[in-house]
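**Q** Build the 3D model from these lines:
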Amino acid sequence: MRLTDAQIAQFRDDGFLILPALFSPAEVAVLKAELPRLFAERRPENFREKKGDAVRTAMALHLRSDVYARLVRHPRLVGPARQLLGGALYIQQVKVNAKEAFSGDVWQWHYDFATHHGEDGVPEPLALNLHVLLDEVNEFNGPIVFIRGSHRRGAAPATLDTETTSYPLWTVDDATVAGLVAEGGLVAAKGPPGTVLIFGDTLVHGSSINMTPWPRTIFSLILNPVANALTRHQRPDHQHHRDLSPVEPLGDGCLLAEAAP
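**A** This is a model prediction of the structure:
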């Protein structure tokens, strides 16, 4: 898959792209079928909600599942990333963020480079988020909300919040968020299962709690140029992988292939 010139221009301007239904229902079904087994595992890669036992984030899925090992090499993800970033890219992080019905907690306003730079020593905000919606995401069940154009202001001041949720997060203060929203406005990243979201390392985003009967599960792959790799190993490997081997795309039908890569 290749992005059009218009899509690339929109990404540069807005800081994100929403590509509806890029993966088929059959492909999404294969991905979702893996999650009960992965979520049931008691291991450090699975972060659970502060209240209750529901999984909030499951990490390093490509090292725990042949299906997700294929997804991180899917040309519909790797291809656009290569167009936008160029050069050799490595798999920086792989996870699923889940908001269980009636209990999925908030993700505070943040941008990812605050963590990548502050904790991992990544030099420049070049890493790219590539998300796949695994459920229908609507305005009610906690969609990711982007502040359009917030990446153009660069790295906003951020502080580490270790209290709000079970996952420590470098967050942006209310006054900064208010100013960014006044400039660019808010966009809820909604869509049917299989929709792909692409956004950059300094785009400010967040999501509210899920008060609905509908789960909201999103796969996330972060690719980063090998030339921009981490310089500190403060966090464990499952939070920022240390294998800098360039990712190579598989065939377009890899998710529905019976054989592992």
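**Q** so the residue nearest the centre of the chain bridges to which residues?
**A** Nearest residue to the geometric centre of the chain (C-alpha atoms, centre = their mean): residue 220, 3.3 Å. Residues in a beta bridge with residue 220, per DSSP bridges, are residue 95, residue 131.
**Q** Quick check: it vs residue 153, distance?
**A** 23 Å (C-beta to C-beta, to the nearest Å). All C-beta spots, glycine's among them, are computed from the backbone N, C-alpha and C.
**Q** Direction included, what does the worst-scoring helix or strand of the chain on mean pLDDT pair up with?
**A** Every helix and strand of the chain was ranked by mean pLDDT, DSSP states H and E. The lowest is strand 159-161, at a mean of 78. Its sheet considered, strand 159-161 pairs with strand 169-171 (antiparallel) by DSSP bridges.
**Q** Now do the SS call for residue 17.
**A** strand (DSSP: H, G, I helix; E, B strand; the rest coil).
**Q** which residues touch it?
**A** Applying C-beta atoms under 8 Å, 6 or more residues apart in numbering to residue 17 gives the contacts 3, 7, 10-11, 196-199.
**Q** and it, what are its bridge partners?
**A** When bridges are called by DSSP bridges, residue 17 pairs up with residue 198.
**Q** Show the pLDDT at it.
**A** What the model reports for residue 17 is a pLDDT of 98.
**Q** shaky segments in the stretch 51-200 of the chain?
**A** The stretch 51-200 of the chain contains residues with pLDDT under 70 at 165-166.
**Q** Going along the chain, name the strands of it.
**A** Along the stretch 51-200 of the chain, counting by DSSP state E, counting those that start in this stretch, strands occupy 55-59, 89-99, 107-110, 128-133, 145-147, 159-161, 169-171, 186-188, 196-200.
**Q** in a helix, that's where residue 217 is, yeah?
**A** No: counting by three-state DSSP, residue 217 is not found in a helix; it is strand.
**Q** And it, how close does it get to residue 45?
**A** 16 Å.
**Q** Likewise for residue 255?
**A** According to C-beta to C-beta, residue 255 stands 22 Å off from residue 45.
**Q** related to what we said a few turns ago, between residue 217 and residue 45, who's got more neighbours?
**A** residue 217 (23 against 19; other C-beta atoms under 10 Å).
**Q** I'd like the distance between the residue nearest to the more buried one when sequence neighbours are not counted and residue 170.
**A** Nearest residue to residue 217, sequence neighbours excluded (C-beta to C-beta, 6 or more residues apart in numbering): residue 134, at 4.3 Å. From residue 134 over to residue 170 the distance is 26 Å, taken as C-beta to C-beta.
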